[in-house]
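# next come a sequence and a model predicted from it.
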Amino acid sequence: MNMNKTFKNLFGSIQAEEELKDRTKAFLEKRTLGYSKVKAETHKYHLYAAVCACFLFMLFGGYWLYFTPIAEISIDINPSIEMSINRFDRVISVSDFNQDGQELSSTLHIKYKNYMDAVKLILNHKTIALLLADNEIMTITVIGPDRQQSAKILSEVEVCAREHSNTYCYAASSEEVAAAHEMGLSCGKYRAFLELQALAPNVTPETVGGMTMREIRELINSLSGDSENDTFLNHNQGNWHHGHGAGRGSGWRNRRMEQQNQQSE
């Protein structure tokens, strides 16, 4: 009887130890599995984060590359507009500098076009065509810090300008653009303003901003006494393409005389 009781207690103890081992094993497996799962989730999170970071870098890096201007093309006749060009030869923005320029730019659809296509659309626009046919003067200025890139753009623009009378092309520095914009002028108007200001110190950027390039040139010639020899066509700076056709009367002087007559009355 006592022997049976002893064996019973012994086997019970062994069974209890086995159950303890099973529970311990199950506990450890559960803990280990949980650790592996957490580790896998953490690894997955870091992988997703790295992919997102690469995507954002490419997205914003590409955006920065595309929308960083490397050159400007200023077109002045009386509508005065400027196009910013990116490294892919695309127009990324269009700015106007007077009422005529605003009206012209509102009818154009040149944003994101190749700059040569944009220049052709502007030169062939009915407003510009009519002005050039009326012997108005147009200047096309190429501005950029990279001389090689600017020379390339200028050369291509000159080829396009040869098909249009009274159209002149030249290069300018980035410093000139900054100074022009501070005065609210396009680069082409700014260069003409400096030349006029040397002869008439009291002239203001606002006055020049409302004049056509022909009127500015006529006033410069009048003040310099060089009406027979148009210094605009013999400018010694930049690279020029000379258009064809003669001057158009004296629109600015006629308006000036009308103002003087009104004041005297």
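Sure thing, it's come through. Numbers count the residues shown, from 1 in each chain.
# the host helix or strand of N221 packs against which elements?
Per DSSP states H and E: N221 is located in helix 213-224. Secondary-structure packing of helix 213-224 (3 or more CB pairs under 8 Å, 6 or more residues apart in numbering; DSSP states H and E): helix 187-199, helix 251-264. Backbone N, C-alpha and C define where each C-beta goes, glycine included.
# those helices: lowest mean pLDDT?
Lowest mean pLDDT within the helices and strands packed on helix 213-224: helix 251-264, a mean of 42.
# show me where the stretch 1-150 of the chain has helices.
Ranges of helices within the stretch 1-150 of the chain are 2-66, 99-107, 115-123, 126-133, 147-161, based on DSSP state H, counting those that start in this stretch.
# re earlier: CA atoms of the helix holding N221 as PDB?
Written as PDB, here are the backbone C-alpha positions of helix 213-224 (Å, rounded to 0.1, in the frame of the first residue of the first chain):
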ATOM      1  CA  MET A 213      11.200 100.600 -78.800                       C
ATOM      2  CA  ARG A 214      10.800 102.700 -82.000                       C
ATOM      3  CA  GLU A 215       9.800 105.700 -80.000                       C
ATOM      4  CA  ILE A 216      12.600 105.300 -77.500                       C
ATOM      5  CA  ARG A 217      15.100 105.100 -80.400                       C
ATOM      6  CA  GLU A 218      13.700 108.100 -82.100                       C
ATOM      7  CA  LEU A 219      13.900 110.100 -78.900                       C
ATOM      8  CA  ILE A 220      17.500 109.100 -78.400                       C
ATOM      9  CA  ASN A 221      18.400 110.000 -82.000                       C
ATOM     10  CA  SER A 222      16.600 113.400 -81.500                       C
ATOM     11  CA  LEU A 223      18.500 114.200 -78.300                       C
ATOM     12  CA  SER A 224      21.800 113.100 -79.700                       C
END
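# wait, what's in contact with M213?
Shown in contact with M213 (CB atoms under 8 Å, 6 or more residues apart in numbering): 76-78, 136-139, 188-189, 192.
# ok, F67 next?
Counting by CB under 8 Å, 6+ apart, F67 has contacts 86, 92.
# likewise the one 10 residues further on?
Residues near I77 by CB under 8 Å, 6+ apart: 128, 131-132, 136-139, 212-213.
# same thing but at 7 Å, please
By CB atoms under 7 Å, 6 or more residues apart in numbering, the contact set of I77 is 128, 131, 136-138, 212-213.
# ramachandran angles for it?
Main-chain torsions, I77, degrees, to the nearest 10: phi -140, psi -70.
# which residue is the nearest non-sequential neighbour of it?
M138 (4.3 Å; CB to CB, 6 or more residues apart in numbering).
# pLDDT at that neighbour, what is it?
The model reports M138 with a pLDDT of 96.
# neighbours around it, how many?
Burial measure for M138: 26 neighbouring residues, criterion other CB atoms under 10 Å.
# for it, give its distance to S173.
21 Å (CB to CB, to the nearest Å).
# before we move on, what about Y63?
Note on Y63: its distance to S173, by CB to CB, is 28 Å.
# got it, and N202?
Applying CB to CB, the value for N202 to S173 is 27 Å.
# let me see the mean pLDDT of the helix holding N221.
Averaged across helix 213-224, pLDDT comes to 93.
# give me the angle between it and helix 187-199.
20 degrees (axes from the mean of the first three to the mean of the last three CA atoms, to 10 degrees).
# between helix 213-224 and helix 126-133, how many degrees?
Using the same axes, to 10 degrees: helix 213-224 against helix 126-133 is 30 degrees.
# heads up, I number from 39, so please use that
OK, 39 is where the count begins now, so the last one is helix 251-262.
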